[in-house]
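Engineer: Output the structure for:
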Amino acid sequence: HQTLKHVGDVVGMPPLILVISVIFFISGIAGVMDIQSFRWVDEPPMRPASREAVLVRLSRPVRDPQFMRYCAYYAVWTFAVAFAGTFWWVYLFSFFDHEKARGVHAWWIGHQYLSAYIFLQVGYNVGQFIGYPLWGRIIDRFGRRPVVFLSSMLHSSSWLVWPFLGPQTVLWLFPTQVWGGLMGSGQEIANFNVMLGFNRKGGPGYQAIGSVIFAIAGAHACIVAGKFAEVLKLMKKFYDSCATPN
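Structural biologist: Predicted coordinates for the structure are as follows:
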């Protein structure tokens, strides 16, 4: 921290802004390199562009019962993930605050934001990195549908650990997230292949309609989660008022 403060004083920037600026600078370079790397990728053969009207291409997926059943499934799944994800960070920081109040001086208490990102995001990404090649081979052998069922069920099992976590056992969250990423990567690959199958069947309108439906489900999940938290807060306030003697 002292080193960053000294460098920040030299360049005239607060340490946090300096770190964020460096991250943006590195990300910008990586983004440019990513775009340029496509110059050496062969262009796949393209089919002639469809001359159908946009509304016709967008209405076809809505009239496809198989696609709409798939959208209903994945919209519910997206709703569940977004609803739970709204509370993960708040829940984790409550653990940190509890341990800090007890006088615990562990590194994850002193670096709460970094620790939360490692526990929640990095752990999940590590599991995904391990799981992608494994699930890819399983999909090639058994197909997408069995993997969707199995992977989603096993991924949901990682959520069951959360009620048993506490301030003293918060480090178990990292392997829990690794397990979630390992299992969830199968569903991610399978669902991606399902959507590609619909695109081959009826064009990109399927992916466009699906993306809108899933985005709406995720947005509504966050709103409902916030309202749910407000209701719980009011219930707690009412309970405390009833429990307080006159």
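Engineer: need the contact list for the closest residue to A217 other than its chain neighbours.
Structural biologist: Computed as CB to CB, 6 or more residues apart in numbering, the closest residue to A217 that is not its neighbour in sequence is A75, at 3.9 Å. Bear in mind the C-beta positions are built from the backbone N, C-alpha and C, glycine included. When contacts are counted by CB atoms under 8 Å, 6 or more residues apart in numbering, A75 touches I213, F214, I216, A217.
Engineer: Which members of those residues occur in helices, if any?
Structural biologist: I213, F214, I216, A217 (DSSP state H).
Engineer: How about the contacts made by the first one?
Structural biologist: Applying CB under 8 Å, 6+ apart to I213 gives the contacts C71, A75.
Engineer: Could you say which helix or strand holds the residue nearest to A217?
Structural biologist: helix 65-101 (DSSP states H and E).
Engineer: for Q207, same thing?
Structural biologist: Assigned by DSSP H and E, Q207 falls in helix 205-243.
Engineer: Any idea how far stretch 27-36 is from the middle of the chain?
Structural biologist: 23 Å (CA atoms, centre = their mean, to the nearest Å).
Engineer: Ok, stretch 172-186 next?
Structural biologist: With CA atoms, centre = their mean, you get 12 Å for stretch 172-186.
Engineer: repeat for stretch 20-33
Structural biologist: 22 Å.
Engineer: Report the buried residues of the helix holding Q207.
Structural biologist: G205, Y206, I209, G210, I213, F214, A217, G218, A221, A225 (16 or more other CB atoms under 10 Å).
Engineer: got the residues you listed as CSV, with distance to A101 and pLDDT columns?
Structural biologist: Below are the buried residues of helix 205-243 laid out as CSV (distance: CB to CB, whole Å; pLDDT from 0 to 100):
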residue, distance to A101, pLDDT
G205, 54, 85
Y206, 52, 89
I209, 49, 91
G210, 46, 91
I213, 44, 94
F214, 40, 94
A217, 38, 95
G218, 34, 93
A221, 31, 94
A225, 26, 91
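Engineer: Would you check which pair of those residues lies furthest apart?
Structural biologist: Spatially, the most separated pair among the buried residues of helix 205-243 is G205 and A225, at 30.7 Å (CB to CB).
Engineer: Quick one: mean pLDDT over stretch 37-48.
Structural biologist: Averaging pLDDT along stretch 37-48 yields 76.
Engineer: Alpha carbons of it, as PDB, please.
Structural biologist: Only the C-alpha atoms of stretch 37-48 are listed here, as PDB (Å, rounded to 0.1, in the frame of the first residue of the first chain):
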ATOM      1  CA  SER A  37      -5.700 -12.500 -33.800                       C
ATOM      2  CA  PHE A  38      -8.800 -13.000 -36.000                       C
ATOM      3  CA  ARG A  39      -6.800 -11.900 -39.000                       C
ATOM      4  CA  TRP A  40      -5.200 -15.400 -39.100                       C
ATOM      5  CA  VAL A  41      -8.500 -17.300 -38.700                       C
ATOM      6  CA  ASP A  42     -10.000 -18.600 -41.900                       C
ATOM      7  CA  GLU A  43     -13.500 -17.400 -42.700                       C
ATOM      8  CA  PRO A  44     -15.900 -20.300 -42.700                       C
ATOM      9  CA  PRO A  45     -18.100 -20.700 -45.800                       C
ATOM     10  CA  MET A  46     -21.300 -18.700 -45.400                       C
ATOM     11  CA  ARG A  47     -24.700 -19.500 -46.700                       C
ATOM     12  CA  PRO A  48     -26.500 -16.800 -48.800                       C
END
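Engineer: ok, and what's touching that stretch?
Structural biologist: Against stretch 37-48 from outside (CB under 8 Å, 6+ apart): no residues.
Engineer: Would you confirm that F174 contacts F119?
Structural biologist: Yes. F174 is within contact range of F119, at 5.3 Å (criterion: CB atoms under 8 Å).
Engineer: more neighbours, these two?
Structural biologist: F119 (21 against 18; other CB atoms under 10 Å).
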